[in-house]
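Undergrad: generate a structure from the sequence data that follows.
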Amino acid sequence: MTIVISTEDSVRFQTLAGLKDSISARLDRSFDDGDLTDFIYLAEREMERVLPVAARETTTAFSVNGQTAALPTDFKAVRHITVGGGEPLSLAAPSVVASNKCSGYPNAYAVIAQQLWFSPIPNGAQNGTLVYERKIPALTESSPSNWVLQSHPDAYFYGALVQASDFIEDPTKIGRYRTMFETVLGQIVEESERYRNNGAPMKPTMIGVV
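TA: This is a model prediction of the structure:
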């Protein structure tokens with residue numbers, strides 16, 4: 001007897017083509033490829049609006065040998081930056097950072113024209129760490145997967161099913177898949193918060209009280 005064990009890698013809708021096939025199969029209906037693309041895009045835009053920072057945080061290393069460093073392609077917002085293992089840099093006005101031509105150890109940064117700018121200008125090559133909020137890259141034929149689809153394929157699936165059910169004007173299915181979609185989004189939020197807090201409940205802390 002052969003036993004087949006399902007794993008995350010075997011989930012059909014972890015790629016764009018598989019996701020489209022799964023939408024049609026679940027609703028037992030054929031759709032034009034353009035319509036399927038629209039369903040997925042609309043679900044994607046909703047997730048972009050509602051997924052919280054905790055679900056989007058990620059970390060990357062970078063190097064800087066001048067006043068600027070490139071940002072990741074999926075960058076949305078800075079959470080914090082350190083250079084050379086020091087204290088997190090402070091956010092400063094872009095005009096202030098860009099006009100400071102002094103060299104030294106950076107203590108401030110700004111985001112200007114999709115680049116990180118540092119002040120003072122590092123006086124040598126430095127390594128840093130950027131913790132940032134990432135965007136949801138759109139699924140396309142040339143980029144058929146992204147971090148949400150890999151980690152939470154059910155969010156894409158149920159979100160697209162909401163849009164497909166609206167397209168075929170089936171209120172019962174709209175309600176069913178909307179409930180499933182919102183349940184998954186809620187679970188993503190809870191999972192992200194647990195990860196951020198290392199599984200421990202947050203306790204109120206008094207800061208600066210003597």
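Undergrad: the bottom helix or strand of the chain by mean pLDDT?
TA: Every helix and strand of the chain was ranked by mean pLDDT, DSSP states H and E. The lowest is helix 53-56, at a mean of 82.
Undergrad: which SSE is immediately downstream of that helix?
TA: Scanning forward in sequence from helix 53-56 by DSSP states H and E, the next helix or strand is strand 57-64.
Undergrad: any idea of the pLDDT on Glu190?
TA: At Glu190, the predicted lDDT confidence score is 88.
Undergrad: which stretches in the chain count as helices?
TA: 16-27, 33-50, 53-56, 94-99, 147-151, 153-167, 171-196 (DSSP state H).
Undergrad: go through those and pick out the most buried.
TA: Of all the helices of the chain, helix 153-167 carries the top mean neighbour count, a mean of 22, counting by mean count of other Cβ atoms under 10 Å. Backbone N, C-alpha and C define where each C-beta goes, glycine included.
Undergrad: contacts for it?
TA: 11, 13-14, 19, 22-23, 26-27, 31, 35-36, 38-40, 42-44, 46-47, 139, 148-149, 173-174, 176-178, 180-181, 184-185, 188 (Cβ atoms under 8 Å, 6 or more residues apart in numbering).
Undergrad: for the least confident helix or strand of the chain, the distance to its chain's centre please.
TA: Offset of helix 53-56 from its chain centre (Cα atoms, centre = their mean, to the nearest Å): 7 Å.
Undergrad: contacts for it next, please.
TA: Helix 53-56 has contacts (Cβ under 8 Å, 6+ apart) with 76-77, 79, 133-135, 188-189, 191-193, 195-196.
Undergrad: now the helices of the chain as TSV including distance to Asn107?
TA: Shown next, in TSV, are these (distance: least, Cβ to Cβ, whole Å):
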stretch	distance to Asn107
helix 16-27	44
helix 33-50	33
helix 53-56	24
helix 94-99	11
helix 147-151	31
helix 153-167	39
helix 171-196	26
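Undergrad: check these for me: which has the lowest mean pLDDT.
TA: helix 53-56 (a mean of 82).
Undergrad: alpha carbons of that one, as PDB, please.
TA: This file holds the C-alpha atoms of helix 53-56, laid out as PDB (Å, rounded to 0.1, in the frame of the first residue of the first chain):
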ATOM      1  CA  VAL A  53       2.700  45.500   9.500                       C
ATOM      2  CA  ALA A  54       3.400  42.400  11.600                       C
ATOM      3  CA  ALA A  55       2.600  40.200   8.700                       C
ATOM      4  CA  ARG A  56       4.800  42.100   6.300                       C
END
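Undergrad: circling back to that earlier point, among the helices of the chain, which is nearest Val64?
TA: helix 94-99 (13.1 Å; Cβ to Cβ).
Undergrad: C-alpha coordinates for that closest one, CSV please?
TA: The C-alpha coordinates for helix 94-99 follow below in CSV (Å, rounded to 0.1, in the frame of the first residue of the first chain):
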residue,chain,number,x,y,z
PRO,A,94,15.1,64.3,3.4
SER,A,95,16.4,67.9,2.9
VAL,A,96,18.5,67.7,6.1
VAL,A,97,20.1,64.3,5.2
ALA,A,98,20.7,65.3,1.5
SER,A,99,22.4,68.5,2.5
